[in-house]
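Novice: Next input, structure requested:
(chains A and B)
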Amino acid sequence: MSREKMEYDVVIVGGGPSGLTTAIKLKQLNSDLNICILEKASEIGAHILSGNVFETRALDELFPNWKELNAPIKTKVTKEKFLFLSKTKSLSWPTWLLPTVQQNHKNYIISLANLCRWLAEQAESLGVEIFPGFPASEILYNENGSVKGVATQDMGVDKDGNKKDSFEPGIELLGKVTVFAEGCRGHLGKQLIKKFELDKEKDPQQYGIGFKEIWEIEDKNHQEGLVIHSAGWPLDNSTYGGSFIYHAENKQIFLGYVIGLDYKNPHLSPFDEFQRFKTHPAIKKMIEGGKRISYGARALIEGGLQSLPKMFMPGALLIGCDAGTLNMPKIKGSHTAMKSGIIAAEAINEHMKNDKDLSNFEEKFKQSWLYDELYKARNVKPSFSWGLILGIIFTGIDQILFRGKLPFTLRHKHADHQTLKSAKEMPKIDYPKPDNILTFDKTSSVYLTGTNHADNQPVHLKLKDPNLPISYTLEEYDEPAQRYCPAGVYEVQTENNINKFVINSQNCIHCKTCDIKEPSQNITWVTPEGGGGPRYGNM
Amino acid sequence: MKILVAVKRVIDYNVQIRVKEDNSGVVTDNVKMSTNPPDDNAIEEAVKIKEAGKAKEVVAVSVGEEKAQETVRKALAVGADRGILVKVDGVIEPLAVSKILKKIVEKEKPDLVLMGKQAIDDDCNQTGQMLAALLNWPQATFASKIEVKEKSLEVTREVDEGLETIEVNVPAIVTCDLRLNEPRYASLPNIMKAKKKPIEQISAEDLGVDVKSRIEQIKVEEPPKRKAGIKVASVEELVQKLKNEAKVI
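Specialist: Residues are numbered from 1 along each chain as shown, chains lettered A, B, ... in the order given. Prediction:
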């Protein structure tokens, strides 16, 4: 059956900071262009989750008058702290001893979801067509192998693949250029990297899982504009990670935790580490008497320049976290994602006007401050493979003394799915039970995300080998999916002494961690029916 | 036949509702909004009747703030022909909505008014009934099946005892149950087409309707937290607890 087709100059996959910025910049450069954005969430912002302390550099370039346009960027960072935590103590590191990349006094505490909603309004007022609720599920190619566009998901298919009465076939969106801006571990981006060998001669990509909760806390504990980061407890020296606590407006704090997905112990549960972190005396006293109002989690991309794939290919660009432009020592990816969108728009505009090929993206990227930033940042994340303490010492030398200009580049040696050790070799971790005041279980947490997927649809978490979880992964790694999934999607149930691997795909909050961490790469995340997934508010 | 369908913009049914700190209402800032689910059934039914050749035009109407236009647009994307938005800011009660709808009915002269049986935000379940009373039209509420006849409708109603089938003469008001049908998806090409369909904007003042609240809201509170359950060892223990602790038997 042939699908309906719609033609555009530029088709953008993903309505996050990089995709929206590309669309806006393109319209600013040439208002005649026809541009559409496909977004899998039910509305723009609903799948966006980020800290977020925002550097305005890219936004200043896109909208120098963003203040007059009433952008939702209001809370200036007024005070900063960096804490080293031991089990009961906390040691505050003087801010002046922090590398400049970790200083935030010019930045703002924002909700990235709200910023995206605002960017979407700007884009629409410039004439960009935005289609929330329509995931791009398939890449379309021309006969010569170049990217032709994407197709949206069929709607109204039951779990056995039969068409329901409400069946609505997907349609083909064809673009002169297609921009993939799906965010970290985009499922189409992953296919493009493989097909066009975009990661040839690059290091394996590195990822982390980030959690975020929004708390409304007591007035006396709240200090609008305060930014706190921590390292140390509850993680051991060999596990990469840390927390963020941002005091936003309206007595809210954005409380989060990031753990590198290169952790080794299959018994580790990132979710429970985050929950446990909140019981530290220094944190507990801040949130006690408060109320948790939001929860979410999302994988983030940490590999930096060594792992950054080539971002152009025939007919398409791969930008933002879909490629991996996050600046790890800054713990910021929004301004870099937006800058990659600006560069993409400039490259596409030239490409259309002068019939240049899209490799001009690479030239522009290398001349930009984005490249400069990522170059200086490149050695920080790999140094932490030596452990927290050596990592910090090295980072001090690299970032403070040499400002990122050391004459060598450290490599990432392993992909995250290769780092787990056998369950028998590693210590079990005894996590405390949730108290439902400060700490919670996954079920009540997922409830806060407003996650829903239409009933009776095909499972969107595909197993290459459906027997592997029980026949191999359970024995070797105690099936870590039960623990690395922040939404309780995966369970091993035992009935009459027979183990069964259960996938509760309706709980999936689209973080992509399973697709990254599964030791045999046996799980593939694909797009569910449009509009499914979390409904995040101001995350 | 001409069909008027009333649609309401409400907080999406998947969103976890949060009460404002000052107990003045629920948080709606940056919250995902959608069409009231049974209103989707009402639109679907209207479009189905039209597709069966039994109606000529489907008009979608919403009463609410500027953004309720999105809800009307959604109705247009699944098959309504044109839209009307009656602009009112703030909370508006069922009586005022039915008075506004009465004015629209007088203007549009539909043969059938369809709407959801109730809205999932205030759960009032009043607007359809009040509109029927104001217009002095027959009403069929909680419809799970509608059959269009020559000058009447055969409507199956979801009632406590089971199903009740009644016949009403047109013009009539029918309020729709979720069991009525399965609403279709809005396809991308139809969303595009809907952008070109007209939406007429009117204000409540233009219609001469007083939308003042008649109900004073004292406060909004979360329901009390459910206490953790316990496991009982035997039937005797259960009966004893129901008698002495829960005092329900």
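
Novice: who are the neighbours in contact with residue 130?
Specialist: Just going to use chain A. Contacts here follow Cβ atoms under 8 Å, 6 or more residues apart in numbering or on different chains; on that basis A:I130 touches A:G15, A:C36, A:I37, A:E39, A:I44, A:A120, A:A123, A:E124. All C-beta atoms are positioned from the backbone trio N, CA, C, and that covers glycine.

Novice: I was after chain B.
Specialist: If a contact means Cβ under 8 Å, 6+ apart, then B:M130 has B:P94, B:L95, B:S98 as its contacts.

Novice: pLDDT of the helix or strand harbouring the last one, averaged?
Specialist: It stands for B:S98. Counting by DSSP states H and E, the secondary-structure element that holds B:S98 is helix B:94-108. For helix B:94-108, mean pLDDT rounds to 97.

Novice: in that helix, what's buried?
Specialist: B:94-105, B:108 (16 or more other Cβ atoms under 10 Å in any protein chain shown).

Novice: For the residues you listed, give me CSV that also has distance to chain A.
Specialist: Conversion of the buried residues of helix B:94-108 to CSV gives the following (distance: Cβ to the nearest Cβ, whole Å):
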residue, distance to chain A
B:P94, 27
B:L95, 31
B:A96, 28
B:V97, 25
B:S98, 30
B:K99, 32
B:I100, 27
B:L101, 28
B:K102, 33
B:K103, 32
B:I104, 28
B:V105, 30
B:E108, 29
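
Novice: Tell me, how many residues neighbour the residue nearest to A:S334 when sequence neighbours are not counted?
Specialist: Computed as Cβ to Cβ, 6 or more residues apart in numbering or on different chains, the closest residue to A:S334 that is not its neighbour in sequence is A:P17, at 5.1 Å. One way to gauge burial is a neighbour count; for A:P17, by other Cβ atoms under 10 Å in any protein chain shown, it gives 31.

Novice: Touching, A:P17 and A:K339? I think so.
Specialist: No - if you go by Cβ atoms under 8 Å, A:P17 and A:K339 don't touch, sitting 9.8 Å apart.

Novice: Where does the stretch 201-350 of chain A get nearest to chain B, residue-wise?
Specialist: Across the stretch 201-350 of chain A, no residue is closer to chain B than A:I293, which sits at 6.1 Å (Cβ to the nearest Cβ).

Novice: Look at that residue and give its secondary structure.
Specialist: Using DSSP: H, G, I helix; E, B strand; the rest coil, the three-state assignment for A:I293 comes out as strand.

Novice: number of nearby residues for it?
Specialist: Using other Cβ under 10 Å as the criterion, A:I293 is surrounded by 16 other residues.

Novice: Get me the contact residues on the stretch 351-500 of chain A for chain B.
Specialist: Counting by Cβ under 8 Å from any Cβ of the partner chain, the positions of the stretch 351-500 of chain A adjacent to chain B are A:Y447, A:L448, A:G450, A:T451, A:N452.

Novice: what about 7 Å?
Specialist: Applying the criterion Cβ under 7 Å from any Cβ of the partner chain, the portion of the stretch 351-500 of chain A that neighbours chain B consists of A:Y447, A:L448, A:G450, A:N452.

Novice: Could you give the backbone dihedrals for the closest residue to the last one other than its chain neighbours?
Specialist: Leaving aside its sequence neighbours, A:N452 sits nearest to B:N14 (Cβ to Cβ, 6+ apart; 4.2 Å). Dihedral angles of B:N14 (phi, psi; degrees, to the nearest 10) stand at phi -90, psi -10.

Novice: Tell me who's in contact with B:N14.
Specialist: The neighbourhood of B:N14, defined by Cβ atoms under 7 Å, 6 or more residues apart in numbering or on different chains, consists of A:G450, A:N452, A:R535.
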